[in-house]
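Participant: Structural data only, the sequence is not supplied:
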């Protein structure tokens with residue numbers, strides 16, 4: 001059967017039956033479910049279908065039949081439905097920054113919102129925790145159906161902020177944040193930064209380094225990176241006295257920042273440490289530059305792994321980096337929140353708490369001789 005014939009038959013089957021799952025369509029057409037899903041996407045691109053809530057609606061000139069995939073919302077109970085698209089839902093999005101780390105999280109939210117017939121509106125806290133009450137209320141007043149929140153505070157959401165979110169009466173989900181109370185019934189999607197730091201230190205240990213230093217910059221992620229590094233030191237029997245330095249988020253390019261870099265380099269050289277995990281990319285690039293001024297080469301004299309992988313590949317010596325799954329985190333957060341918003345009985349949906357593991361992208365700065373992975 002030609003592709004065009006199959007797609008015409010797919011439309012005919014939907015119109016005739018009024019209630020087929022993707023698995024049934026695949027059986028009738030003699031193709032895989034993946035092929036059916038692909039056909040639905042292509043038919044939408046041709047203007048013959050409009051995808052809604054994980055499915056597709058035949059355009060008005062051809063009827064109003066919808067096919068929903070059996071592995072997406074609605075697919076568990078019935079494939080096709082007849083009727084207009086659902087009303088628009090709005091995801092209120094509160095994030096600390098629009099320039100670093102969070103743009104890809106936001107892109108993930110936007111992609112799923114578009115796929116599910118919703119829209120996203122954003123508010124930026126610029127890491128100003130005192131403004132969050134006003135921004136949360138602003139999102140609620142704007143007509144948000146639910147909230148996706150990355151608080152300006154640390155990784156643990158303050159109980160006061162959680163109270164503000166609960167007071168809106170809207171469903172909400174935390175991104176890269178967890179409630180301070182580990183027993184709180186609160187949904188979140190987070191990167192497991194402890195796993196990321198552990199993997200980085202373990203990679204350097206596998207390259208023969210018995211001492212792995214750590215530089216952090218006072219960000220909300222710093223404590224978790226520190227925990228993962230500490231676990232690697234203990235479990236892999238690495239040198240417990242390797243330098244650890246947290247700069248406390250000084251102004252980039254300031255004299256204070258320069259002093260932190262120089263102190264860290266001096267501590268590494270004095271202790272004989274020749275490998276370091278550096279959070280973030282900016283800090284790793286600046287440390288590399290300062291090492292070069294001293295006549296020290298990366299990775300020969302100092303192996304480096306950056307944390308974040310925003311601009312790590314652009315360094316003079318491309319930086320091996322821990323890459324949190326930022327876009328995927330935004331996608332998962334939006335899906336979970338929309339699932340709750342769209343559920344007939346939102347209270348019956350179990351509370352979901354999801355951890356995503358970062359990956360290690362190996363480049364030149366760590367001294368590995370293996371082929372690059374991920375780039």
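Facilitator: That came through fine. All values reported here derive from a predicted model rather than from experimental measurement.
Participant: As a check, name the ranges of all helices in the stretch 201-350 of the chain.
Facilitator: For the stretch 201-350 of the chain, applying DSSP state H, counting those that start in this stretch gives helices covering 222-235, 255-271, 281-293, 326-342.
Participant: So for residue 117, which of those sits nearest?
Facilitator: helix 326-342 (9.3 Å; CB to CB). Placement of C-beta: from N, CA and C, glycine included.
Participant: Mind listing residues that contact the next helix or strand after that closest one?
Facilitator: Using DSSP states H and E, the helix or strand that follows helix 326-342 towards the C-terminus is strand 353-356. The contact list for strand 353-356 (CB atoms under 8 Å, 6 or more residues apart in numbering) reads 178, 186-192, 324-325, 328-329, 332, 336.
Participant: repeat that with 7 Å
Facilitator: Strand 353-356 is touched from outside by 187-192, 325, 328-329, 332, with contacts defined as CB atoms under 7 Å, 6 or more residues apart in numbering.
Participant: Stretch 313-321 now?
Facilitator: With CB under 7 Å, 6+ apart, stretch 313-321 has contacts from 281, 284-285, 288, 298, 304-309, 312, 361-366, 375.
Participant: how about a cut-off of 6 Å?
Facilitator: Residues from elsewhere that reach stretch 313-321, judged by CB atoms under 6 Å, 6 or more residues apart in numbering: 284-285, 298, 305-306, 309, 312, 361-366, 375.
Participant: Would you show me how to pick out the buried ones of those in PyMOL?
Facilitator: In PyMOL, a selection of the buried entries from the contacts of stretch 313-321 looks like this (16 or more other CB atoms under 10 Å):
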select buried, resi 284+285+298+305+306+309+312+361+362+363+364+365+366
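Participant: What is the burial count for the residue nearest to residue 246 when sequence neighbours are not counted?
Facilitator: Closest residue to residue 246 apart from its sequence neighbours, by CB to CB, 6 or more residues apart in numbering: residue 216 at 4.7 Å. A count of nearby residues for residue 216, using other CB atoms under 10 Å, gives 25.
Participant: shaky segments in this protein?
Facilitator: The model of the chain has pLDDT under 70 over residues 1, 13-24, 44-87, 129, 369-375.
Participant: Recalculate using a threshold of 80.
Facilitator: Low-confidence segments of the chain (pLDDT under 80): 1-5, 7, 10-30, 33, 36-37, 40-88, 126-130, 369-375.
Participant: hmm, back to that, let me have the contacts of stretch 313-321 in JSON lines, adding distance to residue 222 as columns.
Facilitator: Below are these laid out as JSON lines (distance: CB to CB, whole Å):
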{"residue": "284", "distance to residue 222": "14"}
{"residue": "285", "distance to residue 222": "18"}
{"residue": "298", "distance to residue 222": "23"}
{"residue": "305", "distance to residue 222": "15"}
{"residue": "306", "distance to residue 222": "14"}
{"residue": "309", "distance to residue 222": "17"}
{"residue": "312", "distance to residue 222": "18"}
{"residue": "361", "distance to residue 222": "21"}
{"residue": "362", "distance to residue 222": "23"}
{"residue": "363", "distance to residue 222": "23"}
{"residue": "364", "distance to residue 222": "26"}
{"residue": "365", "distance to residue 222": "21"}
{"residue": "366", "distance to residue 222": "21"}
{"residue": "375", "distance to residue 222": "26"}
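Participant: what's the closest of the contacts of strand 353-356 to residue 212?
Facilitator: residue 192 (19.0 Å).
Participant: from memory that closest one sits against residue 357, does it?
Facilitator: Yes. Proximity of residue 192 to residue 357 meets the contact threshold set by CB atoms under 6 Å, at 5.1 Å.
Participant: Which residue of these two possesses the greater neighbour count?
Facilitator: More neighbours surround residue 192 than the other of residue 192 and residue 357, with 18 against 13 (other CB under 10 Å).
Participant: Next up, the contacts around that one.
Facilitator: Contact partners of residue 192, counting by CB under 6 Å, 6+ apart, are 355, 357.
Participant: can you list the domains in this structure?
Facilitator: As assigned by automatic domain parsing, the chain contains the domains 3-82, 89-192+328-357, 193-324.
Participant: so which of the contacts of strand 353-356 is the most crowded?
Facilitator: Using other CB under 10 Å as the neighbour criterion, residue 189 leads the contacts of strand 353-356 with 28 neighbours.
Participant: Run through the residues that contact it.
Facilitator: By CB under 6 Å, 6+ apart, the residues touching residue 189 are 175, 329, 332-333, 354.
Participant: Grab the nearest non-local neighbour of residue 220.
Facilitator: That would be residue 154: by CB to CB, 6+ apart, it lies 4.5 Å from residue 220.
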